[in-house]
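**Student:** When you get a sec, could you give me coordinates for this:
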Amino acid sequence: MTAPLKALDGTTDLNALMMELAAGACRAARVLAIAPTEQKNAALAAMADAIRANASAILAANAEDVEEAKAAGSSTAFVDRLALNEARIKAMAAGIDVVRDIADPVGKVMESWTRPNGMTIERVRVPLGVIGVIFESRPNVAADAGALCLKSGNAVILRGGSDSFRSCSAIHRCLVEGLRKVGLPEEAIVLVPTRDRAAVGLMLAGLQGAIDVIVPRGGKNLVARVQDEARVPVFAHLEGVNHVFVDKAASLDMAKTIVLNAKMRRPGVCGATETLLVDKAVAPTQLKPLVTMLLDAGCEVRGTDDVRAVDARVKPVSEEDWATEYEDAIISAKVVGGLDEAIAHIERYGSHHTDAIVTEDAKAAQTFLNEVDSAIVLHNASTQFADGGEFGFGAEIGIATGKFHARGPVGVEQLTSFKYRVHGTGQTRP
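**Tutor:** Residues are numbered from 1 along each chain as shown. The predicted structure is shown next:
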């Protein structure tokens, strides 16, 4: 087992460093692919314990990152994504515990059948290999991704944002401690030990075939770059342009509760709602209460003329707004002619991430759930449930809006592929 890589200095060859890191991850992946469930679970338990035991060190490192971000003029929403507190550290450790308790997918026989010639064929889950995770601001991604990849038998190369470098390093030390305690290779979870952005380009090129899939977690610019430049498969969503449609059969009290949570619980997360659509049939009674509630909660509302008419504080909406992921306490609002018009608006401007309908009409709900082509669709629930932990996955490595292999929260099972095992008794093909 090699020692953990040290921070890059000015004399180090970045390409050589990254290739050394990749070689270690590949070695570790071969070990993890056949590691017993009990050993992986023991490592996860030790990781969670280490995070709890080192909470003060993680908070101290994070405080330096937050101070640096504020000094650089980062937005309130950005700082919220970056910041850790005791509750978030406890949640991080608890997420690892949940991942530990999830059934191990590796080696699971998905299907088995016997051919007329007597051969038995099995489709069996196997790890993907080496996962590259490139993320910004949220340091908890290091713990989530490390835990999910370990449980699914994959090695992972983590490249956190420069803004969260200290926080991620402190968390990574806890993950390595867990691996070390149970005798698993420390290279199974590697944090790129440099802020040099050129490391991202090397990962996107695949590190000479070492990386099997890339998962970006961050803003539009990062994800767009990954999707444009990656030479390996990508699990990602470009934007979270999410909608809540308040149907004519919606309960106003429920609509207010859901809309407020969907926008304002954490405005900077990818599951936050960016557009409110209200059925014209209930606009006379529901539009003003919804808009006023958002404004009074500190949310900027940008709306069409009919929305602006209910409150002078509403600002004009532009065509660009409908397709914008604000990642802030801002929402666009519009009155639509009904369910069909709401679905058409979502299809035109949405990002196929997460969309919700509020209604007591079961038929309308079913139509919305069937026809809205998003990775996650909800009935009478906040879009902020777009999260692997809320799905029972313990955590997520990201949200995927593509239609191949993984869609929605990418958890343990989505980080596996499959192979066929064929058992014969001497058969040959005529």
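**Student:** now the helices for the stretch 301-430 of the chain?
**Tutor:** 305-308, 339-349, 362-371 (DSSP state H, counting those that start in this stretch).
**Student:** I'd like those laid out as JSON lines, including mean pLDDT and mean neighbour count.
**Tutor:** C-beta here means a position set from N, CA and C on the backbone, and glycine is covered the same way. Shown next, in JSON lines, are these (pLDDT from 0 to 100; neighbours: other CB atoms under 10 Å):
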{"stretch": "helix 305-308", "mean pLDDT": "97", "mean neighbour count": "17"}
{"stretch": "helix 339-349", "mean pLDDT": "98", "mean neighbour count": "18"}
{"stretch": "helix 362-371", "mean pLDDT": "97", "mean neighbour count": "15"}
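**Student:** between the ones you listed, which one is nearest to Ala48?
**Tutor:** Ala48 lies closest, by CB to CB, to one member of the helices of the stretch 301-430 of the chain: helix 362-371, at 35.5 Å.
**Student:** Okay, angle between that closest one and helix 339-349 too, please.
**Tutor:** For helix 362-371 against helix 339-349, the angle by axes from the mean of the first three to the mean of the last three CA atoms, to 10 degrees is 20 degrees.
**Student:** Quick one: list the elements packing against helix 362-371.
**Tutor:** When contacts are defined as 3 or more CB pairs under 8 Å, 6 or more residues apart in numbering; DSSP states H and E, helix 362-371 sits against helix 339-349, strand 354-358, strand 376-379.
**Student:** can you put the ones you listed in JSON lines and add distance to Asn261?
**Tutor:** Putting the helices and strands packed on helix 362-371 into JSON lines (distance: least, CB to CB, whole Å) gives the following:
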{"stretch": "helix 339-349", "distance to Asn261": "19"}
{"stretch": "strand 354-358", "distance to Asn261": "11"}
{"stretch": "strand 376-379", "distance to Asn261": "12"}
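**Student:** Looking at the ones you listed, which is nearest to Gln366?
**Tutor:** Gln366 sits nearest to strand 376-379 of all those, at 8.4 Å, using CB to CB.
**Student:** Mind listing the strands that closest one pairs with, and their directions?
**Tutor:** In the sheet containing strand 376-379, its partner strands are strand 354-358 (parallel), by DSSP bridges.
**Student:** And the strand it pairs with, how far out from the chain middle?
**Tutor:** Between the centre of strand 354-358 and the centre of its chain there are 19 Å (CA atoms, centre = their mean, to the nearest Å).
**Student:** Just the buried residues of that strand, please?
**Tutor:** Neighbour counts over strand 354-358 (16 or more other CB atoms under 10 Å) mark Thr354, Asp355, Ala356, Ile357, Val358 as buried.
**Student:** coming back round to it: looking at the helices and strands packed on helix 362-371, which is closest to Met293?
**Tutor:** Across the helices and strands packed on helix 362-371, Met293 has its closest neighbour in strand 354-358 (13.7 Å, CB to CB).
**Student:** got the CA coordinates for that closest one in CSV?
**Tutor:** C-alpha atoms of strand 354-358 as CSV (Å, rounded to 0.1, in the frame of the first residue of the first chain):
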residue,chain,number,x,y,z
THR,A,354,-37.4,17.8,-10.9
ASP,A,355,-40.9,19.1,-11.3
ALA,A,356,-44.0,19.0,-9.0
ILE,A,357,-47.7,19.4,-9.2
VAL,A,358,-50.0,20.4,-6.3
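**Student:** which residues touch that strand?
**Tutor:** Residues from elsewhere that reach strand 354-358, judged by CB atoms under 8 Å, 6 or more residues apart in numbering: 240, 242-247, 250-251, 254-255, 258-259, 262, 271, 273, 342, 346, 364-365, 368-369, 372, 374-383, 386, 399.
**Student:** quick one on the thing from earlier: can you tell which of the helices of the stretch 301-430 of the chain is closest to Cys168?
**Tutor:** For Cys168, the closest of the helices of the stretch 301-430 of the chain is helix 339-349, at 34.1 Å, according to CB to CB.
**Student:** correct me, but Ile110 touches Phe418?
**Tutor:** Careful, residue 110 is Met and not Ile. Yes: using CB atoms under 8 Å, Met110 is in contact with Phe418, at 6.1 Å.
**Student:** related to what we said a few turns ago, could you turn the buried ones of the contacts of strand 354-358 into a PyMOL selection?
**Tutor:** The buried residues among these can be selected in PyMOL (16+ other CB under 10 Å) with this line:
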select buried, resi 240+242+243+244+245+246+247+250+255+258+259+262+271+273+342+346+364+365+368+372+374+375+376+377+378+380+381+382+383+386+399
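**Student:** so what's Leu207 up against?
**Tutor:** Counting by CB under 8 Å, 6+ apart, Leu207 has contacts Met18, Met19, Leu21, Ala22, Gly132, Ile157.
**Student:** Let me know the closest of those to Arg313.
**Tutor:** For the contacts of Leu207, the nearest to Arg313 is Gly132 (44.9 Å; CB to CB).
**Student:** does the closest one really touch Val215, like I thought?
**Tutor:** Yes: between Gly132 and Val215 there is a contact under CB under 8 Å: 7.1 Å.
**Student:** Look at the two and report which has more neighbours.
**Tutor:** Taking other CB atoms under 10 Å, Gly132 and Val215 do not tie; Gly132 has more neighbours (30 against 27).
**Student:** Which ones among the contacts of Leu207 map onto helices?
**Tutor:** Assigned to helices by DSSP state H, the following of these qualify: Met18, Met19, Leu21, Ala22.
**Student:** Find residues that contact each of Met110 and Phe418.
**Tutor:** By CB under 8 Å, 6+ apart, the residues touching both Met110 and Phe418 are Arg123, Val124, Arg125.
**Student:** Checking the first one next. Helix, strand or coil?
**Tutor:** Counting by DSSP: H, G, I helix; E, B strand; the rest coil, the backbone at Arg123 sits in strand.
**Student:** closest to Ser164 out of the helices and strands packed on helix 362-371?
**Tutor:** Nearest of the helices and strands packed on helix 362-371 to Ser164, taken as CB to CB: strand 354-358 at 24.3 Å.
**Student:** Quick check: mean pLDDT of that closest one?
**Tutor:** Computed over strand 354-358, the mean pLDDT rounds to 98.
**Student:** i'd like the first residue to be 22 from this point on
**Tutor:** Got it, first residue is 22 now, which makes that one strand 375-379.
**Student:** Distance to Val356 added to the contacts of Leu228, as a markdown table?
**Tutor:** Shown next, in a markdown table, are the contacts of Leu228 (distance: CB to CB, whole Å):
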| residue | distance to Val356 |
| --- | --- |
| Met39 | 53 |
| Met40 | 57 |
| Leu42 | 54 |
| Ala43 | 53 |
| Gly153 | 44 |
| Ile178 | 48 |
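**Student:** No more questions from me, cheers.
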